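Asker: Got a predicted structure here, sequence first:
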Amino acid sequence: MRLEAISWERLTGALAGRIAETEAADGSPWLRVAVDGARAAGPEGPAAAVADALRLLGRPVLTVAAGGFLRPASLRYEYGREDPDTFYDGWLDTGALWREVFGPLEPGGSGRVLPDLWDPDTDRATRSPYAELPPGGVLILHGPLLLGRWFPFDVTVHLMLTRAALARRTEERDRWTLPAFERYEEEVEPSEAADVVVRVDHPRNPAWSGWRG
């Protein structure tokens, strides 16, 4: 895969401009975007930047962190606190995301999205109010291991780290998750599956694939 050096400013503008021109494949009046990347890749930063750029283009945007839809600790830690297979398969509450985020944005949906459901720090429900995303709005879901789950994304951006960079930039407390990302690379091949790949080995000097497909 050929990657081209690009500044974050140009990258943000390119992503926002293309997203603003994209129509949902299923005819939904809402667009659903993934910014997929490990915590070490910092997906929340590009997601927020693209959201701001889209708002300047007149598009309503709601950003949702996948971390707000984790399962309770009793389920996440059923096989121990540092089980990479459970992290891969069982931490994210995909059913809740379908019910509270993607379902309301299907054709004929209400547009009422729950921005988060569970606080993993307190292990309690967040009780956040629903957010109204008007027709023409864009949902940006950001977090790790988002691809390969049959979520109805219209645009997917994968923040890629080489294995060495991922190991170097992953905090000591999270290093037990590294086998899960190796499995993700083998089973999902996010760098092949995503519409756009952005390599972030060096955070100040990203490189991207351009739009594919």
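Answerer: In hand now; what should we look at? Everything numeric here is computed off the predicted structure, so don't read it as measured data.
Asker: Could you pull out the buried residues of stretch 123-136?
Answerer: 131, 133 (16 or more other C-beta atoms under 10 Å). Every C-beta, even on glycine, is put in place using the N, C-alpha and C of the backbone.
Asker: With stretch 56-69 instead?
Answerer: Those would be 59-69, for stretch 56-69 by 16+ other C-beta under 10 Å.
Asker: Need those residues in CSV (columns: distance to residue 100 and secondary structure).
Answerer: Output for the buried residues of stretch 56-69, formatted as CSV (distance: C-beta to C-beta, whole Å; DSSP: H, G, I helix; E, B strand; the rest coil):
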residue, distance to residue 100, secondary structure
59, 22, coil
60, 18, coil
61, 18, strand
62, 12, strand
63, 15, strand
64, 9, strand
65, 13, strand
66, 12, helix
67, 14, helix
68, 10, helix
69, 8, helix
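Asker: the inter-axis angle of the helix or strand where residue 9 lies versus strand 61-65?
Answerer: Element membership for residue 9, per DSSP states H and E: helix 8-21. In terms of direction (axes from the mean of the first three to the mean of the last three C-alpha atoms, to 10 degrees), helix 8-21 departs from strand 61-65 by 110 degrees.
Asker: can you tell me the average pLDDT over helix 8-21?
Answerer: Over the span of helix 8-21, the pLDDT mean works out to 97.
Asker: got a list of contacts for that helix?
Answerer: 6, 31, 33, 46, 49-50, 53-54, 56-57, 59, 138, 155, 157, 196, 198, 206, 208, 211 (C-beta atoms under 8 Å, 6 or more residues apart in numbering).
Asker: What strands line up against the helix or strand just after that helix, and which way round?
Answerer: Downstream of helix 8-21, the first helix or strand assigned by DSSP H and E is strand 31-36. Its sheet considered, strand 31-36 pairs with strand 138-143 (parallel), strand 155-160 (parallel) by DSSP bridges.
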